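Undergrad: quick one: sequence plus predicted model below, questions after.
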Amino acid sequence: MADIAFLLLVFFLVTTTMDTDFGLMRKLPPPVPDDVESPPIKERNVFVVLANAQNKLLVEGEPMEISQLKDAAKEFIANPKNDPKLPDKKTVDVPFFGKTDVSKQVISLQNDRGTSYELYIQVQNELARAYNELRNELAREKFGKSFDRLKEDGEDEKVKAIRAIYPQRISEAEPKSVGG
Amino acid sequence: MSKFKKGGADKQPAISTSSLPDIVFMLLFFFMVSTVMREVDLKVEINQPEASEVEKLKQKALVNYVYIGEPVEKERYGTTPRIQLNDAFATPKDIGPYIETRKTEVDEAEIPLLTTSLKVDRDVKMGIVTDVKQELREAQSLKISYSTMEKADVDAF
């Protein structure tokens, strides 16, 4: 009896891979026909992040280290002081919050064909972190628990309201090849 | 001569093995429940990057895997990063047909839920990844997940 059980045990031990799959979920833009022009977006509403083949970042025309990217993105997204250089806001009626100013931010990420995948993932991660931290702050202030807890507890309406105030808009420009 | 020494009485009794099958069965059930069968034999080396804002992939049956990395057998295939679909090397052109076959395999209602998991080595350049993404866009398979290792968020503490 124990022999058979041991045999099965060894079989499952060998075939097992314990890794559960984690990843950054993203949605690709649908393919665009060539004759369609992109809608105009005001320059102050766009946060441009460029990554080149030397794995250096250029954010809004300034070189930047990856460690500073999250805070820069947070300031851009929230625009707490209504700085005229940062994105303008539109008043929207959001459930639970009433009339709220929602910034019209878009983050544009452009990378070179020679950029390393590791840097690309780091940039994606930092941008996602900026959004998540803002959402967490808002959720704590309003509902007394973090955004992740709201999601876990299945309070979909509140999750939706927070997503409406800080929508994640990361646009990936068509790739360019220079110095790759 | 000691009066208290008892001849041979302190010999250790043999450990009872009667509970051994129970323990083995317990382990067996644990591994049976937690097991995930290996999907494919990897022909490329993949050392995933780390990220903190990760989400768990749900519904494994609806996930397509695309592997990109340097071939394991470097003498035969060189060191240029290659794409692997199922058990064979592929080119970006093969991704469209691969997605189409996957779409026919799943239920029609579940097609929009199909997710492509990109398992890419951290040292690969973005060029090849971009090609794959463009093909996925063409194939209308827009949900993707950049597979990463989980890293603790340093600011959370």
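TA: Now that the structure is in, tell me what you want to look at.
Undergrad: run the chain-centre distance for the longest strand that chain B contains.
TA: Counting by DSSP state E, the longest strand found in chain B is strand B:63-71. Computed by Cα atoms, centre = their mean, to the nearest Å, the separation of strand B:63-71 from the middle of its chain amounts to 11 Å.
Undergrad: who touches the helix or strand where residue B:23 lies?
TA: Here residue B:23, judged by DSSP states H and E, is contained in helix B:20-34. For helix B:20-34, contacts defined as Cβ atoms under 8 Å, 6 or more residues apart in numbering or on different chains pick out A:1, A:2, A:5, A:6, A:8, A:9, A:12, A:13, A:16, A:18. (C-beta placed from N, C-alpha, C; glycine too.)
Undergrad: tell me how far that helix is from the chain's mean position?
TA: Computed by Cα atoms, centre = their mean, the chain-centroid distance of helix B:20-34 equals 23 Å.
Undergrad: how about the helices in chain B?
TA: Along chain B, counting by DSSP state H, helices occupy B:20-34, B:74-77, B:95-105, B:126-138.
Undergrad: pick the most deeply packed of these.
TA: helix B:126-138 (a mean of 19; mean count of other Cβ atoms under 10 Å in any protein chain shown).
Undergrad: so what touches it?
TA: Residues outside helix B:126-138 that contact it (Cβ under 8 Å, 6+ apart): A:28-31, A:111-117, A:120, A:175, A:177, A:180, B:66, B:68, B:81, B:83, B:92-93, B:95-96, B:99, B:116, B:118, B:120, B:142, B:144.
Undergrad: CA atoms of that helix as PDB?
TA: The C-alpha coordinates for helix B:126-138 follow below in PDB (Å, rounded to 0.1, in the frame of the first residue of the first chain):
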ATOM      1  CA  MET B 126      11.900  45.200 -27.200                       C
ATOM      2  CA  GLY B 127      12.100  44.800 -31.000                       C
ATOM      3  CA  ILE B 128      11.000  41.200 -31.100                       C
ATOM      4  CA  VAL B 129       8.400  41.800 -28.300                       C
ATOM      5  CA  THR B 130       7.000  44.700 -30.400                       C
ATOM      6  CA  ASP B 131       6.600  42.500 -33.400                       C
ATOM      7  CA  VAL B 132       4.700  39.900 -31.400                       C
ATOM      8  CA  LYS B 133       2.400  42.600 -30.000                       C
ATOM      9  CA  GLN B 134       1.700  44.000 -33.400                       C
ATOM     10  CA  GLU B 135       0.800  40.500 -34.600                       C
ATOM     11  CA  LEU B 136      -1.500  40.100 -31.600                       C
ATOM     12  CA  ARG B 137      -3.200  43.300 -32.400                       C
ATOM     13  CA  GLU B 138      -3.800  42.200 -36.000                       C
END
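Undergrad: quick check: mean pLDDT across it?
TA: The average pLDDT within helix B:126-138 is 89.
Undergrad: what angle do it and strand B:63-71 make?
TA: Interaxial angle of helix B:126-138 relative to strand B:63-71 (axes from the mean of the first three to the mean of the last three Cα atoms, to 10 degrees): 160 degrees.
Undergrad: excluding its backbone neighbours, what's nearest the spatially most central residue of chain A?
TA: For chain A, the residue nearest the mean C-alpha position is residue A:128 (3.0 Å; Cα atoms, centre = their mean). Using Cβ to Cβ, 6 or more residues apart in numbering or on different chains and skipping residues adjacent in sequence, the residue nearest residue A:128 is residue B:53, 4.0 Å away.
Undergrad: for that neighbour, give me phi and psi.
TA: Note on residue B:53: backbone dihedrals following degrees, to the nearest 10 are phi -90, psi 50.
Undergrad: ditto for residue A:43
TA: Residue A:43 has phi and psi values of phi -60, psi -30 when expressed as degrees, to the nearest 10.
Undergrad: what is the neighbour count of it?
TA: By other Cβ atoms under 10 Å in any protein chain shown, the residues close to residue A:43 number 10.
Undergrad: next one: residue B:151
TA: Residue B:151 has 14 nearby residues by other Cβ under 10 Å.
Undergrad: do a quick rundown of the strands in chain A.
TA: Applying DSSP E to chain A gives strands spanning A:22-27, A:46-51, A:57-59, A:62-64, A:89-94, A:98-103, A:106-111, A:170-172.
Undergrad: circling back to that earlier point, packing partners for the longest strand of chain B?
TA: strand B:44-45, strand B:82-85, helix B:95-105, strand B:115-120, helix B:126-138 (3 or more Cβ pairs under 8 Å, 6 or more residues apart in numbering or on different chains; DSSP states H and E).
Undergrad: for residue A:97, which of these is the nearest?
TA: strand B:115-120 (31.5 Å; Cβ to Cβ).
Undergrad: which among the contacts of helix B:20-34 count as buried?
TA: A:5, A:6, A:8, A:9, A:12 (16 or more other Cβ atoms under 10 Å in any protein chain shown).
Undergrad: mind showing which ranges of chain B have poor pLDDT?
TA: For chain B, applying pLDDT under 70 flags the ranges B:1-10, B:36-39, B:152-157.
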